[in-house]
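Student: can you look at this prediction? I've put the sequence above it.
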Amino acid sequence: MAANYDLSTPIGQIRLYIPDTDTSKPMFSDEELQFLLDENDGHPKLAAAAALDIIAGDPQRLSQWSRGAVSATRTASEDIRRRATQLRAEARGGIVVGTIVRSDFW
């Protein structure tokens with residue numbers, strides 16, 4: 001499985017966001033990440049969000065997802081999905097919610 005980690009490339013950026021930076025034991029091949037990139041109009045954050053959804057929905061990948069002393073469990077899938085949602089919001093500019101006060105309104 002070919003895996004490269006170079007932050008100057010969109011695939012390297014995806015690896016940073018998910019995180020899948022250990023190329024000796026990658027969760028995704030470069031080809032898989034390129035497919036997700038193509039499916040998401042070349043946007044690394046959207047492709048990373050799609051990759052996180054795959055990790056959260058696949059028990060095999062979820063059990064492999066560990067970084068340092070931290071390992072994911074099935075309960076962590078919701079945290080991974082929240083991160084995917086956050087990346088999508090960042091990529092699309094997010095929605096800002098606030099209150100507008102107008103003195104000229106009745």
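Tutor: That came through fine.
Student: and the strands in this protein?
Tutor: 66-67, 70-71 (DSSP state E).
Student: and stretch 43-59, C-alpha only, in CSV?
Tutor: This file holds the C-alpha atoms of stretch 43-59, laid out as CSV (Å, rounded to 0.1, in the frame of the first residue of the first chain):
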residue,chain,number,x,y,z
HIS,A,43,-10.8,20.0,-1.1
PRO,A,44,-8.5,18.3,1.5
LYS,A,45,-10.7,19.1,4.5
LEU,A,46,-13.8,17.6,2.8
ALA,A,47,-11.8,14.6,1.8
ALA,A,48,-10.5,14.3,5.3
ALA,A,49,-14.1,14.5,6.7
ALA,A,50,-15.1,11.7,4.3
ALA,A,51,-12.1,9.6,5.5
LEU,A,52,-13.1,10.1,9.1
ASP,A,53,-16.6,9.0,8.3
ILE,A,54,-15.1,5.8,6.8
ILE,A,55,-13.0,5.3,10.0
ALA,A,56,-16.0,5.8,12.3
GLY,A,57,-18.2,3.5,10.3
ASP,A,58,-15.7,0.6,9.8
PRO,A,59,-15.0,-1.5,12.9
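Student: how about that stretch: buried residues?
Tutor: 43-56 (16 or more other CB atoms under 10 Å). C-beta here means a position set from N, CA and C on the backbone, and glycine is covered the same way.
Student: which residues in this protein form helices?
Tutor: 10-17, 30-39, 44-57, 59-64, 77-91 (DSSP state H).
Student: so for residue 1, which of those helices sits nearest?
Tutor: helix 30-39 (8.3 Å; CB to CB).
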